[in-house]
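Undergrad: kindly return the folded structure for what I paste below:
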Amino acid sequence: MKKGIKSMLRVFLWIVAIIVILIWICFGYHRYKLRKEEKLREPLGQLIDINGNNISIYVEGSGSKTLVFLSGSGTCSPILDFKSLYSLLSDEYRIVVVEKFGYGYSDVVDEDRNIPTVLSETRLALNKAGIDGPYVLCPHSMSGIEALYWAQEYPDEIEAIIGLDMAVPEYYENMKINLPLMKLGQYAANLGITRLIPTLAESDAIKHGTLTNDEKNRYRAIFYNRTATVTMINEAKSVKDNARIVAQSGVPQVPMLLFISDGTGGTGFDKETWRRIQEKYISEVESGKYIELDCPHYVHDYEYGRISEEIKSFLRIRLMTVL
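TA: Residues are numbered from 1 along each chain as shown. The predicted structure follows:
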């Protein structure tokens, strides 16, 4: 009996030892690859100092209107993620992509992500970069909360909001935020375990967008360095409180165009519920319009051609009429 127990214990310890060794090998390979990928992670835009940390801002094109793109939760490379869409708009407008802390080429910070702080950082970064408003905000997913808060607090700075399947406060009333799973993802990313599953790095932008091979490699390199960062996790911790703050101030009355997906691709909602909530929200906007798209959540990586044309039409006609 005792010999059996000792044998089982010995096998268990061997298994644990093998797992530990494999993890160390994986971690060592990950650190080696991160060093090899340094050139791929060289900033595409400019870095703006905000309280001792850098926020990445990318600017392309020129025009009488400035379109500011704000990414959703967990989008590791906003500059590249939005490229398929903004490359079709920069011939007429100045486009700006703001990569919040924890994303893309910006620094990772372990700080509270309450909505006043996040917005103040975005506005200060734009100001320091010499990018004046008013702005047309183009938020995807969770950053819809920031865009709505911006329009509530500083309406003179916002010409319009173009929601790329953006979130509105009601989504977060009953949404369950799986923080333990996010932390597990953080550990896996830090140890390099994500490299064992290459398909994880194949984003919608890579699979369905118009990125070049070099840009795809850049995206993958950023993915392995900016997945489930502590900043992203802190955002998730704060999102319900942030949504409540925005809900309490009502619906901002700025021209608004919402592109609404079929709810697949990570929303956590079925098609009917996902669409109903956004359509209910836009119904309270005096100068609002929505367009349903039969594609997943990252609409700008699938329907970039149609979205770009609809944006141009909206800004030429609807916005001009309102203003």
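Undergrad: where does this protein have low pLDDT?
TA: Per-residue confidence for the chain (pLDDT under 70) gives these ranges: 1-4, 318-323.
Undergrad: for Gly288, phi and psi?
TA: phi -130, psi 150 (degrees, to the nearest 10).
Undergrad: next, count neighbours for it.
TA: Neighbourhood size, Gly288 [other Cβ atoms under 10 Å]: 20. Placement of C-beta: from N, CA and C, glycine included.
Undergrad: that one contacts Leu258, doesn't it?
TA: Yes - counting by Cβ atoms under 8 Å, Gly288 does reach Leu258; the two are 7.4 Å apart.
Undergrad: what sits in contact with each of those two?
TA: The contact sets of Gly288 and Leu258 overlap at Ile282 (Cβ atoms under 8 Å, 6 or more residues apart in numbering).
Undergrad: and the longest helix along the chain, what's buried?
TA: Longest helix of the chain, by residue count under DSSP state H: helix 2-36. For helix 2-36, the neighbour count (16 or more other Cβ atoms under 10 Å) marks Cys26, His30 as buried.
Undergrad: what of stretch 117-129?
TA: For stretch 117-129, the neighbour count (16+ other Cβ under 10 Å) marks Val118, Leu119, Glu121, Thr122, Arg123, Ala125, Leu126, Ala129 as buried.
Undergrad: which is the next helix or strand following the helix or strand containing the first one?
TA: The secondary structure element spanning Val118 is helix 115-128 (assigned by DSSP states H and E). Using DSSP H and E, the helix or strand that follows helix 115-128 in sequence is strand 135-139.
Undergrad: not counting that next one itself, show me its contacts.
TA: Strand 135-139 is contacted from outside by 65-70, 72, 82, 93, 96, 126, 146-147, 150-151, 157-164, 166, 311, 315, 319, using Cβ under 8 Å, 6+ apart.
Undergrad: near Tyr219, how many other residues are there?
TA: By other Cβ under 10 Å, the residues close to Tyr219 number 24.
Undergrad: quick check: it is in a helix.
TA: Yes - assessed with DSSP: H, G, I helix; E, B strand; the rest coil, Tyr219 lies in a helix.
Undergrad: so what's it up against?
TA: Tyr219 sits next to Cys76, Ser77, Leu80, Asp81, Ala201, Ser203, Ala205, Ile206, Leu211 when contact means Cβ under 8 Å, 6+ apart.
Undergrad: let's see that with 7 Å instead.
TA: Taking Cβ atoms under 7 Å, 6 or more residues apart in numbering as the criterion, Tyr219 is in contact with Ser77, Leu80, Ser203, Ala205, Ile206, Leu211.
Undergrad: Glu303 versus that one, what's the distance?
TA: To Glu303, Tyr219 is 19 Å away according to Cβ to Cβ, to the nearest Å.
Undergrad: now, among the buried residues of stretch 117-129, which is nearest to Tyr187?
TA: Nearest to Tyr187 among the buried residues of stretch 117-129, counting by Cβ to Cβ, is Val118 at 25.0 Å.
Undergrad: can you tell me the closest non-neighbouring residue to the closest one?
TA: Glu146 (5.8 Å; Cβ to Cβ, 6 or more residues apart in numbering).
Undergrad: what about that neighbour, neighbour count?
TA: Quick note: Glu146 (other Cβ under 10 Å) scores 22 neighbours.
Undergrad: quick one: the strands in the protein?
TA: Remark: strands assigned in the chain by DSSP state E are 46-50, 53-60, 66-70, 94-99, 135-139, 158-164, 256-260, 288-292.
Undergrad: rebuild the ones you listed as JSON lines, extending it with distance to Val239.
TA: As requested, those are exported to JSON lines (distance: least, Cβ to Cβ, whole Å):
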{"stretch": "strand 46-50", "distance to Val239": "21"}
{"stretch": "strand 53-60", "distance to Val239": "20"}
{"stretch": "strand 66-70", "distance to Val239": "14"}
{"stretch": "strand 94-99", "distance to Val239": "18"}
{"stretch": "strand 135-139", "distance to Val239": "13"}
{"stretch": "strand 158-164", "distance to Val239": "17"}
{"stretch": "strand 256-260", "distance to Val239": "19"}
{"stretch": "strand 288-292", "distance to Val239": "23"}
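Undergrad: out of those strands, nearest to Val16?
TA: strand 53-60 (38.9 Å).
Undergrad: in the closest one, what's buried?
TA: Asn54, Ile55, Ser56, Ile57, Tyr58, Val59, Glu60.
Undergrad: quick check: bridge partners of the last one?
TA: Put plainly, it is Glu60. Beta-bridge pairing for Glu60 (DSSP bridges): Ile95.
Undergrad: please renumber so the chain begins at 53
TA: Shifting the count to begin at 53 puts that one at Glu112.
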